[in-house]
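K.L.:
with the input below, show me the fold.
(one chain, ligands or ions: 2)
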Amino acid sequence: MSNILEVRDLCVSYGGINAVKGISFDVPEGEIVTLIGANGAGKSSTLRAICGLVKPASGSIKIRAGHSGMLSDSHRKAVDSSLEEVAGMRTEDIVSKGITMVPEGRRVFSDLTVLENLRIGAYLRKDSLDDDINWCYDLFPRLKERSWQLAGTLSGGEQQMLAIARALMSRPEIIMMDEPSLGLAPIVVKDVFDIIHEINRQGKTILLVEQNANMALRAAHHGYVMEVGNITLSGTGMDLAENEQVKAAYLGKSKK
Ligand SMILES: Nc1ncnc2c1ncn2[C@@H]1O[C@H](COP(=O)(O)OP(=O)(O)OP(=O)(O)O)[C@@H](O)[C@H]1O
Ligand SMILES: [Mg+2]
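P.N.:
Ligands and ions are numbered 1, 2, ... in the order given. The predicted structure is shown next:
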């Protein structure tokens, strides 16, 4: 499986604070990759750097621009190897290459309806949105029922679903999610992970940052553990979930 995203020696600094200290990782196309780590490890800073919301201090971020649905197999092979450097580009230029982020804390537009929020997710596109809106409503029937409801009056779980659906409206190949399960009841967390699996099953690549290390590692093909700006461990999601160091640091005692 070829990589759709490659990060090399990425550093992010805020003033004098080095939040990300030269990390490297790969995201293979079609996989779920997770970054886990304690508060302040630099997970959100990494995602923000990838989509251009903060400028990296140094390092390389390469993505393969997404045209997968529109290319023949032979043409696709030809472009497969071409990863494009996006470090330092503007967010809208990066998003137009097929990557998007569901930010931490959901951030839906409270005073707009569900449908208006979805339309805003596609603001960079000029084509018809009907198919995508229908696709989102198939994935999230509760949003369909609530199409005209103001987003601010949705429950926390529904707002998270809307934030994910809004990100899908830009037709991304890669979706980055920053702690999508944060603050949600366990049963709703399960819904969020079910939807992550379904989106992945439909061919989207997912880079997931999670506090819920146990669920994230079990959902992911590959995982990376971040500690104070560095990646200290990596492996398959299952291997990391069974790793004694990871269990002790991130999975509490619940695995006994
Ligand atoms: N805008 C900012 N200005 C200054 N420092 C920042 C800024 N954003 C993040 N930091 C610092 O960078 C470090 C990494 O923060 P980051 O938000 O990337 O961590 P995180 O792994 O996402 O943590 P959490 O799990 O709490 O969300 C922290 O020390 C944080 O205080
Ligand atoms: Mg964070």
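K.L.:
let me see the ranges of the strands in the stretch 151-256 of the chain.
P.N.:
Secondary structure of the stretch 151-256 of the chain (DSSP state E, counting those that start in this stretch): strands at 174-178, 205-210, 222-227, 230-236.
K.L.:
can you tell me which of these is most buried?
P.N.:
strand 205-210 (a mean of 26; mean count of other C-beta atoms under 10 Å). Yep, even glycine has a C-beta here, placed from its N, CA and C like the rest.
K.L.:
and that one, what does it pack onto?
P.N.:
For strand 205-210, the packing partners by 3 or more C-beta pairs under 8 Å, 6 or more residues apart in numbering; DSSP states H and E come out as strand 3-14, strand 17-28, strand 32-37, helix 43-50, strand 174-178, helix 186-201, helix 213-219.
K.L.:
about what we covered before: how about JSON lines for the strands of the stretch 151-256 of the chain, with distance to ligand 1 and mean pLDDT added?
P.N.:
Output for the strands of the stretch 151-256 of the chain, formatted as JSON lines (distance: least, C-beta to the nearest ligand atom, whole Å; pLDDT from 0 to 100):
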{"stretch": "strand 174-178", "distance to ligand 1": "7", "mean pLDDT": "96"}
{"stretch": "strand 205-210", "distance to ligand 1": "7", "mean pLDDT": "96"}
{"stretch": "strand 222-227", "distance to ligand 1": "6", "mean pLDDT": "96"}
{"stretch": "strand 230-236", "distance to ligand 1": "12", "mean pLDDT": "96"}
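K.L.:
turn these into JSON lines, including distance to Leu5.
P.N.:
Shown next, in JSON lines, are those (distance: least, C-beta to C-beta, whole Å):
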{"stretch": "strand 174-178", "distance to Leu5": "6"}
{"stretch": "strand 205-210", "distance to Leu5": "7"}
{"stretch": "strand 222-227", "distance to Leu5": "12"}
{"stretch": "strand 230-236", "distance to Leu5": "15"}
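K.L.:
closest one to Thr113 among these?
P.N.:
strand 174-178 (22.7 Å; C-beta to C-beta).
K.L.:
ok, the closest one: who's next to it in the sheet?
P.N.:
Here strand 174-178 has these sheet partners by DSSP bridges: strand 99-102 (parallel), strand 205-210 (parallel).
K.L.:
pull the CA atoms of that strand into PDB?
P.N.:
The C-alpha trace of strand 174-178 is given here as PDB (Å, rounded to 0.1, in the frame of the first residue of the first chain):
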ATOM      1  CA  ILE A 174      -7.600  12.000   4.000                       C
ATOM      2  CA  ILE A 175      -9.600  13.000   7.000                       C
ATOM      3  CA  MET A 176      -7.800  14.100  10.200                       C
ATOM      4  CA  MET A 177      -9.800  14.000  13.400                       C
ATOM      5  CA  ASP A 178      -8.700  15.600  16.600                       C
END
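K.L.:
with adjacent residues omitted, what lies nearest to Gly237?
P.N.:
Ala220 (3.7 Å; C-beta to C-beta, 6 or more residues apart in numbering).
K.L.:
wait, that neighbour touches Ile36, no?
P.N.:
No: taking contacts as C-beta atoms under 8 Å, Ala220 lies outside contact range of Ile36: 9.1 Å.
K.L.:
right, and the helix or strand after the helix-or-strand element of the chain with minimal mean pLDDT?
P.N.:
Taking mean pLDDT, DSSP states H and E as the measure, the chain has helix 73-80 as its least confident helix or strand, at a mean of 56. Per DSSP states H and E, the first helix or strand lying C-terminal to helix 73-80 is strand 84-85.
K.L.:
so which elements touch that next one?
P.N.:
Counting by 3+ C-beta pairs under 8 Å, 6+ apart, strand 84-85 packs on strand 58-63.
K.L.:
could you say what helices and strands whichever strand or helix holds Ile94 packs with?
P.N.:
Following DSSP H and E, one finds Ile94 within helix 91-95. For helix 91-95, there is no helix or strand it packs on, judged by 3+ C-beta pairs under 8 Å, 6+ apart.
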